[in-house]
Structures are given as C-alpha cells and as structure tokens.
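1. Take a look and give me a structure for this.
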Amino acid sequence: MRSGSRRAGAGRVFIAQAVGAVALPYVVLLPMLLAGWLDALQFAAVSLAVSIASVLLVGHRLAQSLRRNAEKEHRRAIEEVHRIAHLDALTELPNRTRFRKKLAETLEATKRGGGGGGGTFAVMVLDLDHFKRINETLGHSAGDDLLRVVAQRLVRSLRPEDIAASTRGGVTGRDMCRQGGDEFIVFLNGVASEADAARVADRLLVALGQPITLGVQDVFVSASMGIVLYPRDGDDVDTLLKNADVAMYHAKTRGRSRFEFYNESMRAGTEQRLSLEYDLRKALENEEFELYYQPQIDVPSGRIVGIEALIRWHHPTLGLLKPADFIGVAEQAGLIMAIWEWVMVSALIQHNAWLEQGLPAMTISVNLSTLQFTDRALVERVREIAEVLGVPLDRLELEVTESVLLVDVEKVLKTLTDLRALGVKIAIDDFGTGYSSLAYLRRLPVDKLKLDRTFTFNAQQNEGDVAITRAILAMAKALNLSVVAEGVETPAQMDMLTSLGCTTVQGFLLGEPLPASDTADVLRKSVERPVTSVVAGLGDGGWRSIIQPKAAAQSRARTQDDAAKALP
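-> Predicted coordinates for the structure are as follows:
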C-alpha cells in the first residue's frame, strides 16, 4: 500500500515535469509576445490617432471650403437677384425699375438743390422704327442681336459733357435703360436747353443710322425720339416719361428717324389718336366701313379698264373719313390685316354682284399695306378669299407702294412672285416718290406703275417733272409695264400726259370715288357711251363723260392745221 502511494506520487511528479517541460517555452516566450503585441497595439493606436487627426483636418478644410463656396454662391445669388431686379438681361442696361428709381432720386435731389447739373436735365424716349419687320423677316434671334448693338452704340455715343453730374469718371450704361421691346430711355443731367439736347439727339440718330451686320446681312435701322426738359415739361417722373412718349409718337407720325420736343399741343393730338383707335376697333363690328370706287380710263378708247376700291369710314361723330385719316392708326394698332380682309371680301363680292347685273367684267384693284408683307399667310389668304367667293384671280389687282422695298427685298420678291403665280396682277402705287431702284424694279414681278399725282400736278409748271415723267414712261415701255397717271384733275393735265404717251388716267377729272350703287349706274352708262374728257356730267359727283376721243382728236388736229395754214 505504501508502494502504491509511492507510484502515484511519482506519476504526479512525472506529469508535473512533463507539463513544466511543455509550458516552459510559453512561459519564456509570453513576455516577449506580450511586448510585441503592445508595440503593435501602440503603433496601431498611433496610426489610428494620425488617421483620425487627418480625417478631422480634411473635414475641417472641407467644411471651410464648403462654407467659402456657400458664401460665394450666396453672394452670386444675391448679385444675380440684383441683376435680375435691376438690369435688362438682353442688353445689360438698367431696366425700367432701376432707371425710374435713379430718375426719382435725381429729381428729389434737384428739388433740394443738391442734384448737380444746375437743377436741369433732359429725358429722351427712343423707339426703333420698323423693328417688328426685323423680327418677322430675320427672326427674333437677329432682333435680339440688333438690340444689343443698339444699346452698345447708345452708350458709346454719349459723352461725359452730355451727362454732366450723373456719373463720375466717364459715361456708363446707368444713364440709360431699355424700357422694354425696342424702346430705350436716355437721361441727360445738366442739359438746360433744347439746343443742347438736340445736339445729343442728332449724334445718337447718326450712330444708329450706320449699317448693322446681322449674320451675313447688313440692315439699317432708324429711331424716333421724344424729348422733355425738366422742369419745363413736368415735375415728376410719371409726367416726364409720359410727355416724352407723346413727343416720340409725334416724331413717328412726322416721318420717323427724327426727334421732337414735347409741347402741350401734342397731348390733344395723342388723346384724339387713342380715341380714334378705340373707335376703329368697334368699326368692323358696327359695320361702319363702306367701299367707294374710282375708274381707270383708257383715253384712246374711252373705256373703263379697271376699278380701284377705296375704303371710307362712316365715323359716328367725325363723319365720312378717308384712308389717310385712319389707316396709319390702324397699322400701329395692329388692325390693318382685319380691315384689309374686309376690303378684299367686300370688293370681290361687289365684283360678282356687278356681273350678275350684266355689267362687263373688269379688273378690280385693292390696296395692300406694306406691313402685310410681314404676314406669312398673305398669299394663302388671298387665294382662299378668291376661291371661296369664286372670283378668278386674274380679275384682282393688288396695289403696293414703293416702300415695300424697305422690307426684306428677297421676301417681297417671293411674296409678289407667289401672288403673280396665282394670276393676281401687281401694281406699284405712288411710283416715283423716292424709294425706287431700277435694279429692283427690273426684278419685281409687277404689271403696272401708277405714276404719283405729284408728277401730274407739277408737270405743267416744272420741266424737270416733265422730263422725269417722259423717262418713267420710256422705262415702263422697255420693261413692258403699263402706266396709269393718278391725280388727273384738269383737261390740260390729261392732254399733257397723253402727249407724253400716257394713255390711262385716274382722277377727279372723271369724278370723285362713288358708292357701289352709283358706280353700277355709271358703269352701265359707260357701256353705252365711253368716258374720256370733261365736257358734260352724269349728275352731281358722277364720273363725267365726254365726247368720243377720236372726234376730240380730230377736232384738235383740225385746229392745229388751221393754225399752221394761218402762218405766213
């Protein structure tokens, strides 16, 4: 039993020694391993700390950058809001709101005696002439380019002495604004007299009159300007701008490409125009228009070869108005197309009515406004109206003035060519008034020239007009164009014209234009007895009929022969 105890003890010793032998390396290595892990942990901790510091630094820098960007964006947003609120996006000039604010501030300072410029200034309202044609013929993009060029020229054309106290150190765009569309306002501080303002206005008109290149095409633009002086023409912003606008309108009505100074008499005219425009808008609805008709006479045969339809307006209070009294207002109010369509339809309906009465078919003439050449639907509208009414288009003649050449020439050529292809005859009305170009005339697809009445009126007293008339007739013959002399009022004028070779005439010599019913009576009588010169009348206001032309010619020939025989 004692020996068993010894064996058990020896076994335990052996196991202890074995465990010790196995564990000894670990006991020796453990501190070393622990030391390596601590170094690794320490290195990792340092690395982590560096990484965290780097992240924090990057984050701080990113936050600063974001803050700076946010501040820049905020400033940029503020500047953009300010720009939108105060500047015109197209021209970068001040807009109407900013300009009115500046003008009001200057006005208040001037009233207090601290505005500079001697307490006086001028305001100009400038509106481009025929700008709508640029947009409609070349496109809105070209129109925008034109407005930018105009703004730049206005700024460059102003001089420091023009705006004495309004800026310091030179001229800037702050002294003008784009009010909207094609209208600009110019502020001239310190200008005290019309002469000073006129010098600036002349310089601006000259600058704007230079050609402007839009793409590959050069265009010419002019402007109409209205000018007011403070304190003479108003003592508040609204009154000054309103009066300048009134003066600008008068500049347009007096020929455009000019300036006018405001005066009190203009206001009555403007109020009358606005009243006329209002009445004009109701005239179509109230059926206040009526067509009158005037003949074109072939002198050798005495036949009526054409009828011109002329609109009249039975105004409720002003009485019977002729086209010169209201067509300009209709054009500016955008009513010309509606009125023209009424004329076209009414004239062709009347043409059909005369045929039903057994009267001979003849060409009927209708005037065409220059503005209508900007309407792309013009040709199709003419075709539709004639087709619906069943009138052959070779019975229709459209009269255009030479001013169509101020519109895009190529577009005019295409429109006239398309109309002529339908069978419509084309006549140039008031020919010889200044816009004609022989090169363009040769290209224009026209059938007839209507010699302006000034040549008819002056030819008896002015040899120069006689020479011009003779030259026009020779040119027309060479181009195979017929000629009608307008405004023939005396037998002497008709004799002069026929002696030059113009054998078709129109004018009060044969009577004033008549309503449709009276015209039918005269047409019926003209079939029985041709109309030529003034000898007898068909009644008050009727187209006057005369002796047969051949008999008249024979009588004049006999008189000349007798006179020749009487000579020694």
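2. Going by C-alpha atoms from here, please, whenever you check contacts or count neighbours.
-> Fine.
3. Give me the distance between the residue nearest to Thr504 when sequence neighbours are not counted and Val345.
-> Computed as Cα to Cα, 6 or more residues apart in numbering, the closest residue to Thr504 that is not its neighbour in sequence is Asp298, at 4.5 Å. Distance, Asp298 to Val345, using Cα to Cα, to the nearest Å: 27 Å.
4. Can you tell me the centre-most residue of this structure?
-> Lys132 (1.9 Å; Cα atoms, centre = their mean).
5. Run through the neighbouring helices and strands of the helix or strand where that residue lies.
-> Under the criterion DSSP states H and E, the helix or strand holding Lys132 is helix 131-138. Helices and strands touching helix 131-138, by 3 or more Cα pairs under 8 Å, 6 or more residues apart in numbering; DSSP states H and E, are helix 140-157.
6. Adjacent strands (with direction) for the following helix or strand past the helix it packs on?
-> Counting by DSSP H and E, the next helix or strand C-terminal to helix 140-157 is strand 176-180. Each strand paired with strand 176-180, and its direction, by DSSP bridges: strand 183-189 (antiparallel).
7. after the strand it pairs with, next one along is what?
-> helix 194-208.
8. Give me the mean pLDDT for that next one.
-> Averaging pLDDT along helix 194-208 yields 92.
9. Give the buried residues for that helix.
-> 197, 200-201, 204-205, 207-208 (16 or more other Cα atoms under 10 Å).
10. List of residues touching it?
-> By Cα atoms under 8 Å, 6 or more residues apart in numbering, the surrounding residues in contact with helix 194-208 are 122, 150, 153-154, 157-158, 162, 188, 191, 221-223, 225, 227, 229, 257-259, 261.
11. Please repeat the previous calculation with a cut-off of 7 Å.
-> 122, 150, 153-154, 157, 191, 221-223 (Cα atoms under 7 Å, 6 or more residues apart in numbering).
12. Could you do stretch 105-125 as well?
-> Applying Cα under 7 Å, 6+ apart, the contact partners of stretch 105-125 are 164-165, 184-192, 197, 225-231, 244-245, 248.
13. Out of these, which end up buried?
-> Buried members of these, scored by 16+ other Cα under 10 Å, are 164-165, 184-192, 197, 225-231, 244-245, 248.
14. how does this protein divide into domains?
-> For the chain, the structural domains run 96-262, 275-566, going by automatic domain parsing.
15. what's the burial count for the closest residue to Ile336 other than its chain neighbours?
-> Spatially, and ignoring its direct neighbours in sequence, Ile336 is nearest to Ala330 (5.2 Å; Cα to Cα, 6+ apart). By the measure other Cα atoms under 10 Å, the count of residues near Ala330 is 19.
16. Please compute how far the host helix or strand of Ala330 lies from its chain's middle.
-> Assessed by DSSP H and E, Ala330 sits inside helix 323-332. In terms of Cα atoms, centre = their mean, to the nearest Å, the centre of helix 323-332 is set 16 Å apart from its chain centre.
17. what does stretch 328-339 give?
-> Relative to its parent chain, stretch 328-339 has a centroid offset of 13 Å by Cα atoms, centre = their mean.
18. Check stretch 62-73 too.
-> Put simply, stretch 62-73 sits 48 Å off its chain's centre (Cα atoms, centre = their mean).
19. Neighbours of Thr110, how many?
-> Thr110 has 19 neighbouring residues, counting by other Cα under 10 Å.
20. Ok, the one 3 residues further on next?
-> For Gly113, the count of nearby residues is 12 (other Cα under 10 Å).
21. And what about Asp430, helix, strand or coil?
-> Three-state assignment for Asp430 (DSSP: H, G, I helix; E, B strand; the rest coil): strand.
22. Roughly how far does the nearest residue to Asp175 once chain neighbours are set aside sit from Asp452?
-> Of all residues not flanking Asp175 in the chain, Phe187 sits nearest, at 5.3 Å (Cα to Cα, 6+ apart). Noted for Phe187: a distance of 43 Å to Asp452, by Cα to Cα.
23. same deal with Ala63?
-> Taking Cα to Cα as the measure, Ala63 falls 81 Å from Asp452.
24. now Tyr262
-> With distances taken as Cα to Cα, Tyr262 is found 34 Å from Asp452.
25. More neighbours: these two, which one.
-> It is Tyr262, of Tyr262 and Asp452, that has more neighbours when counted by other Cα under 10 Å, with 22 against 19.
26. picking that back up, nearest to Gly269, of the domains of the chain?
-> In terms of Cα to Cα, the element of those nearest to Gly269 is domain 96-262, at 8.7 Å.
27. count of residues packed around Asn286?
-> Using other Cα under 10 Å, Asn286 has 10 neighbouring residues.
28. cool, Pro316 as well?
-> 10.
29. Now it: phi and psi?
-> When read as degrees, to the nearest 10, the backbone of Pro316 gives phi -60, psi -30.
30. so who does it touch?
-> For Pro316, the contact set (Cα under 7 Å, 6+ apart) is empty.
31. try Met248
-> Contact partners of Met248, counting by Cα under 7 Å, 6+ apart, are 125-126, 224-226, 259-260.
32. Same check on Leu514?
-> Residues near Leu514 by Cα under 7 Å, 6+ apart: 292-294.
33. hmm, 6 Å instead?
-> Applying Cα atoms under 6 Å, 6 or more residues apart in numbering to Leu514 gives the contacts 292-293.
34. What's opposite it in the beta bridge?
-> Tyr293.
35. I'd like the distance between it and Arg133.
-> According to Cα to Cα, Leu514 stands 35 Å off from Arg133.
36. returning to that earlier point: who touches the helix holding Lys132?
-> Against helix 131-138 from outside (Cα under 6 Å, 6+ apart): Gly143.
37. Quick check: buried residues in it?
-> Neighbour counts using 16+ other Cα under 10 Å place 131-137 of helix 131-138 among the buried residues.
38. what angle sits between it and helix 140-157?
-> Relative orientation of helix 131-138 with respect to helix 140-157: 140 degrees, computed using axes from the mean of the first three to the mean of the last three Cα atoms, to 10 degrees.
39. how about the CA coordinates for helix 131-138, as CSV?
-> The C-alpha trace of helix 131-138 is given here as CSV (Å, rounded to 0.1, in the frame of the first residue of the first chain):
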residue,chain,number,x,y,z
PHE,A,131,-38.3,96.9,-85.6
LYS,A,132,-41.1,94.5,-86.0
ARG,A,133,-40.1,93.9,-89.6
ILE,A,134,-36.6,92.8,-88.4
ASN,A,135,-38.1,90.2,-86.1
GLU,A,136,-40.6,88.9,-88.6
THR,A,137,-38.2,88.7,-91.6
LEU,A,138,-34.9,87.8,-90.0
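40. what does the average pLDDT come to for it?
-> In the prediction, helix 131-138 has an average pLDDT of 77.
41. What is the distance between it and the centre of its chain?
-> From the chain centre to the centre of helix 131-138 is a distance of 6 Å (Cα atoms, centre = their mean).
42. Tell me where the stretch 251-400 of the chain has helices.
-> Shown for the stretch 251-400 of the chain, the helices assigned by DSSP state H, counting those that start in this stretch span residues 265-283, 323-332, 336-356, 378-389.
43. Phi, psi for the residue lying closest to Trp340 once chain neighbours are set aside please.
-> Of all residues not flanking Trp340 in the chain, Leu368 sits nearest, at 7.4 Å (Cα to Cα, 6+ apart). Main-chain torsions, Leu368, degrees, to the nearest 10: phi -120, psi 130.
44. Can you give me the separation between Leu368 and Glu341?
-> The spacing between Leu368 and Glu341, counted by Cα to Cα, is 10 Å.
45. where does the stretch 301-450 of the chain dip in pLDDT?
-> 405-408, 433-440 (pLDDT under 70).
46. Flag every buried residue along stretch 295-314.
-> Buried residues in stretch 295-314 (16+ other Cα under 10 Å): 295-299, 301-304, 306-313.
47. again with stretch 265-273
-> Going by neighbour count (16+ other Cα under 10 Å), the buried part of stretch 265-273 is 266-267.
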